[in-house]
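Enquirer: fold the stuff below for me.
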Amino acid sequence: MYRLLIAVLILSWFCLTAHAQNDLVISNVRVFTGQEQIEKASIVVNGGKITQISTAPATGRVVIDGEGKTALPGLIDSHAHIFAATAGVTEAETRDFVRTKLQERLLAMVRYGVTTVKSLGDPTDIILQVRRELRESKLSGPRMLVVGPIFTAVGGHPATSPVCQGDSWCRSTTAAEVATEADARRIVGRLADQGVDGIKIVYSGGVREGIEMKKLAKPVMEAIVDESRKRGLRATAHVVDEPSSLEVLAAGAWGIEHGPGEPLTSNALIDALMKPPRSYAPTLYGNTRNNPALFQVKARTVTQAYKAGVRIIAASDVSGAMPPGRALLEEIQLLVKAGLPPEAALRSATSLAALHVGKEKEIGSLAPGMMADIRAGKSAGEHCGPVPNLPGHSERQGCLQR
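Expert: Next up, the predicted model:
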């Protein structure tokens, strides 16, 4: 189980470690539960879980006065790259990254209130070891959800894209290149047996930086989705156009990531995301922060989807030189800029994100029985970035929880 770390502000930022045997009360605090606001309440924590949220006073071994502060669930980044395009290209560079840089990047995420991360396109043995060391508190950082390599066509992204720069080890560990339905099902089964938390598919092609990217054959994509469902894993798909988005959703994918870069031609995609409900993670920070024209196009799609009731997910697509942790806060702000109300943008990184990654019974909400991932605060801190203003509230900042 994860060791609980909760950071809150009282006059200035400070951090408190609360072990499982402790009783902790945060009193007089404004609460955003992940679904709704409570103007003033006490949050009671026992054994690393929330046992009560009450408007009545509560006592405990440790009591923190949260007057003037706001508490919300720890944030969830549903699309990050811990290794891909970040840790170097070769096996030697990657293992050196683990020894010298990984711990600081993980801590940076938690400093910005990101307590859960879903990482994509990683060497399976290394990322499973990282997840294990986080669970055993040998590493400090967010809860780690992993998918291992990304399913793609032979010669598809990220296998032959600039991510791997032609390195064969990177290609074989970052991507699972499949040409047949049988290979697709076999590799999904192998990853399921290894204990991954989900499956990621690239279902796009075309030319990127002068390199032709192959696209998965539709029957192979459908086999990946089908086998994932049979093995109890949620498959999400990297798509960049409307027809491909419709095809992966028709196959039963749990959601789409990135999404069309052109205006929608009809309501078909919105309808497909709604019936049955699926997720849409537009990755605005990762894809549009340096492309205002693309942002405007995707913002219109996000607004259409939100108004129709689609489950919008905050996902940063952080990698490389992008700032870990802060990137998700930027994503939330971009969702607000795209048209989501602040509360809805926060839900996209808390309760809705928890549902997206299949952890809605454990994290993403502040409620009795949930894990005590709590982000709280008000004034600026050196390592803590802003979250969107809730109606009637001033800007708040928050620090570490885990």
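
Enquirer: tell me the contacts of residue 56?
Expert: Listed by Cβ atoms under 8 Å, 6 or more residues apart in numbering, the contact set of residue 56 reads residue 42. The C-beta positions use only the backbone N, C-alpha and C, and glycine is treated the same way.

Enquirer: which phi and psi values does residue 82 adopt?
Expert: phi -70, psi -40 (degrees, to the nearest 10).

Enquirer: whoops, residue 212 was the one
Expert: phi -80, psi 130.

Enquirer: residues in contact with it?
Expert: 155, 205, 206.

Enquirer: just the pLDDT at the first one, thanks.
Expert: pLDDT, residue 155: 96.

Enquirer: kindly report the same for the second one.
Expert: According to the predicted model, the pLDDT of residue 205 comes to 94.

Enquirer: same thing with the one 5 residues further on?
Expert: Residue-level confidence at residue 210 comes out at 82, pLDDT.

Enquirer: residues touching it, list them.
Expert: Listed by Cβ under 8 Å, 6+ apart, residue 210 has no contact partners.

Enquirer: re earlier: which among the contacts of residue 212 count as buried?
Expert: 155, 205 (16 or more other Cβ atoms under 10 Å).

Enquirer: okay, now residue 292: neighbour count?
Expert: Applying other Cβ atoms under 10 Å, we find 8 residues neighbouring residue 292.

Enquirer: tell me how far it lies from residue 79.
Expert: 21 Å (Cβ to Cβ, to the nearest Å).

Enquirer: closest to residue 342 out of the contacts of residue 212?
Expert: residue 206 (35.7 Å; Cβ to Cβ).

Enquirer: distance of the closest residue in space to the closest one that isn't next to it in sequence from residue 288?
Expert: Counting by Cβ to Cβ, 6 or more residues apart in numbering, residue 213 is the residue found nearest to residue 206 once chain neighbours are left out, at 5.7 Å. Per Cβ to Cβ, residue 213 is found 20 Å from residue 288.

Enquirer: now residue 343
Expert: 23 Å.

Enquirer: more neighbours: which of these two?
Expert: residue 288 (21 against 18).

Enquirer: which ones are touching the more buried one?
Expert: Going by Cβ under 8 Å, 6+ apart, the list of residues near residue 288 reads 294, 295, 298, 334.

Enquirer: next, count neighbours for the nearest residue to it once chain neighbours are set aside.
Expert: Spatial nearest neighbour of residue 288, excluding adjacent residues (Cβ to Cβ, 6+ apart): residue 295 at 3.8 Å. Residues lying near residue 295 (other Cβ under 10 Å) number 20.

Enquirer: check the secondary structure at residue 295 for me.
Expert: helix (DSSP: H, G, I helix; E, B strand; the rest coil).

Enquirer: confidence score at it?
Expert: 98.

Enquirer: residue 61 too?
Expert: At residue 61, pLDDT is 88.

Enquirer: surely it touches residue 24?
Expert: Yes. The pair residue 61 / residue 24 is scored as a contact, 7.4 Å apart, by Cβ atoms under 8 Å.

Enquirer: got a quick ChimeraX command for the buried subset of the contacts of residue 288?
Expert: Remark: buried members of the contacts of residue 288, expressed as a ChimeraX selection using 16+ other Cβ under 10 Å:
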select :295,298,334
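
Enquirer: now flag whichever of the contacts of residue 288 is closest to residue 168.
Expert: Of those, the one sitting nearest to residue 168 (Cβ to Cβ) turns out to be residue 294, at 32.6 Å.

Enquirer: next one: the residue nearest to the closest one when sequence neighbours are not counted from residue 35, what distance?
Expert: Computed as Cβ to Cβ, 6+ apart, the closest residue to residue 294 that is not its neighbour in sequence is residue 288, at 4.7 Å. Look at residue 288 and residue 35: by Cβ to Cβ, they are 28 Å apart.

Enquirer: break this protein down into its structural domains.
Expert: 5-73+364-397, 75-356 (automatic domain parsing).

Enquirer: hey, which of these is tucked in deepest?
Expert: domain 75-356 (a mean of 20; mean count of other Cβ atoms under 10 Å).

Enquirer: can you check the distance spanned by that domain, start to finish?
Expert: The stretch domain 75-356 measures 13 Å between its terminal residues, going by Cα to Cα, to the nearest Å.

Enquirer: coming back round to it: lowest-confidence stretch among the domains of the chain?
Expert: Among those, domain 5-73+364-397 scores lowest, at a mean of 72.

Enquirer: ranges for the strands of the stretch 51-200 of the chain?
Expert: 62-65, 70-73, 75-80, 114-119, 143-146, 150-152, 175-177, 199-202 (DSSP state E, counting those that start in this stretch).

Enquirer: give me the sheet partners of the fifth one and which way each runs.
Expert: Paired neighbours of strand 143-146 in the sheet (DSSP bridges): strand 114-119 (parallel).
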